[in-house]
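> With the input below, show me the fold.
(one chain, ligands or ions: 1)
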Amino acid sequence: MKLLKRLFCNNKEELSPSQELIARSKNVLMPLFEPQQVVPSHGEGCYIYDIQGKRYIDFAAGIAVNALGHNHPVMRDAAREQLDKIIHIPGNYLSEPKVRCAELLTTNSCFDQAFFCNSGAEAIEGAIKLSRKWAYETKGPECNEIIAFENAFHGRTMGAASITNKRSSQPFYAPYIDGIHFAVYNDIQSVEELVSDKTAAIFIEPIQGEGGIIPIEATFLKQLRALCDKKKIALVFDEIQAGMGRTGHFYAYQHHGIEPDIAALAKGLGGGFPIGALVAKKAFGNHFDAGAHGSTYSGNPLGTAISSAVLDHILSPGFLDNVREAGQYLYDGLAQIQADTDLIEDIRGLGLMIGVDFPSVKGADLIPLLQKNGMLATASGKRTLRLTPALIVTKDHIDEALEIIKTTLKEAVE
Ligand SMILES: Cc1ncc(COP(=O)(O)O)c(C=O)c1O
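Model prediction:
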């Protein structure tokens, strides 16, 4: 805290506008987040400006949310156009943006149907309910167990928290939902040991995001799909962080070409507008009949109009090629720092979802130093620095970020 004060307070007596807002927030906001010392005022592309006017290159992108960066004209135009028409209608009314958004999600994937919600956790809740209802109706009422993975993160609502291993450190929310087992990520034997006639679904992230950017292994994924086919288990991908172009493919599953039955989406789906979705193959999605699930805001016209504009842009010719190229350029730049210095231990990830570990400093400890040097990033897992810039990031942006990372690492070990 002392270090942060030194970094962000110009003068010992006088609070900066950011410090002042942080102090005010402490009186009125529940203390669930320790607020970052950078208080953003506005953004443009890959940059954020704080309320003092300082510029930061943004390699957090709202934790893999701002797929098109800040203030992108296609999002602004779509929002303005829809604001002038209608913002909200009940979930059981149709709108052109809702149907169009579902068409974009399904015609460009192995999925047939979509259900819209408002966040990642809600998409996971929907996936839990859909996979359990599918199993109930196709395999029987006893078949309701779910296998999830150690180190995974699926959200904070009760269902999502129940399949998130962190629950063991949050006993105060118990009882969690029944019938959940945790296997070891990338270890098929540990999954096989937990599978039984009662297993309805397996929930997995194609890259563990909050767990420290751990990519799934191709062989494991193949074995997992085969196991699900053999035992008639729903394979559910949590693509909330890794989906919608982040890995250089529209859906993360498309990298390995192994199809899940159901997927949960959010984050990049709205490019910053809060929206989530559940997508499924017909054989699964058809088990959600009228009244089985829903949401007041499902497919809200404003949200789906913005989301359709984001998806159209992500799916435009060459866009995903650029994501893959930029991801490789970032990875190579980090590998060069690793080769030139002894400051980087490990680099992992896919596309523009990259995790970096350091031998002598934790990712979380680098965040305020990076901020001081004009860069935003996030930490994940126990010690990883997570780099998830907007998907529109250029080589110039990446060069700027790499320079800041190099300087910051040298300062951190001094
Ligand atoms: C993989 C994954 N699943 C689920 C969630 C929960 O999403 P939300 O915070 O929108 O509820 C997150 C959020 O970080 C996530 O990364």
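> residue in this protein nearest to the ligand?
For the chain, the residue closest to the ligand is residue 120, as judged by Cβ to the nearest ligand atom, at 2.2 Å. Yep, even glycine has a C-beta here, placed from its N, CA and C like the rest.
> list the contacts for that residue?
154-155, 160, 238, 240-241, 264-267, 276 (Cβ atoms under 8 Å, 6 or more residues apart in numbering).
> ok, now residue 127?
201, 203, 236, 238, 262-264, 278.
> who in this protein is up against the ligand?
Counting by Cβ under 6 Å from any ligand atom, the chain comes close to the ligand at 63, 119-121, 124, 153-155, 205, 209-210, 238, 240-241, 266.
> Between the residues you listed, which sits nearest residue 71?
residue 63 (18.1 Å; Cβ to Cβ).
> who's in contact with that closest one?
Counted by Cβ under 8 Å, 6+ apart, residue 63 has contacts 241, 267, 378, 386, 388.
> With pLDDT added, can I get the residues you listed in a markdown table?
A markdown table is the format used below for the contacts of residue 63 (pLDDT from 0 to 100):
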| residue | pLDDT |
| --- | --- |
| 241 | 98 |
| 267 | 98 |
| 378 | 98 |
| 386 | 98 |
| 388 | 98 |
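> Please tell me which one of those residues counts the most neighbours.
residue 388 (32 neighbours; other Cβ atoms under 10 Å).
> For residue 127, see how far away it is.
Separation of residue 388 from residue 127 (Cβ to Cβ, to the nearest Å): 23 Å.
> same question, residue 151
Residue 151 is 19 Å from residue 127, by Cβ to Cβ.
> neighbouring contacts of stretch 335-344?
Under Cβ under 8 Å, 6+ apart, the answer for stretch 335-344 is 334, 347, 356-359, 402, 405-406, 409-410, 413.
> Share the number of residues neighbouring the closest residue to residue 273 other than its chain neighbours, please.
Take residue 273 and drop its neighbours on the chain: the residue closest to it by Cβ to Cβ, 6 or more residues apart in numbering is residue 306, 4.4 Å away. By the criterion of other Cβ under 10 Å, residue 306 has 28 neighbours.
> Same question for residue 151.
Close neighbours of residue 151, defined as other Cβ under 10 Å, add up to 18.
> my read is it is in a strand, agree?
No. Residue 151 is assigned coil when assessed by DSSP: H, G, I helix; E, B strand; the rest coil, not a strand.
> list the contacts for it?
165, 185, 208, 211-212, 214, 381.
> now do 7 Å
The contact partners of residue 151, taken as Cβ atoms under 7 Å, 6 or more residues apart in numbering, are 165, 185, 208, 211, 214.
> Would you mind checking these for buried ones?
Taking 16 or more other Cβ atoms under 10 Å as the criterion, what is buried in the contacts of residue 151 is 165, 185, 208, 211, 214.
> Now residue 124: closest residue in space, sequence neighbours ignored.
Closest to residue 124 by Cβ to Cβ, 6+ apart is residue 160, at 4.2 Å.
> typed the wrong thing, it's residue 314
Closest residue to residue 314 apart from its sequence neighbours, by Cβ to Cβ, 6+ apart: residue 245 at 4.3 Å.
> Just confirm that neighbour is within a helix.
No. Applying three-state DSSP, one finds residue 245 to be coil, outside a helix.
> Distance check, it against residue 77.
20 Å.
> Looking at the two, which is more packed in?
Per other Cβ under 10 Å, whichever of residue 245 and residue 77 has more neighbours is residue 245, with 27 against 13.
> for the more buried one, phi and psi?
Note on residue 245: backbone dihedrals following degrees, to the nearest 10 are phi 90, psi -10.
> And residue 280, by the same measure?
Per degrees, to the nearest 10, the backbone of residue 280 is at phi -150, psi 160.
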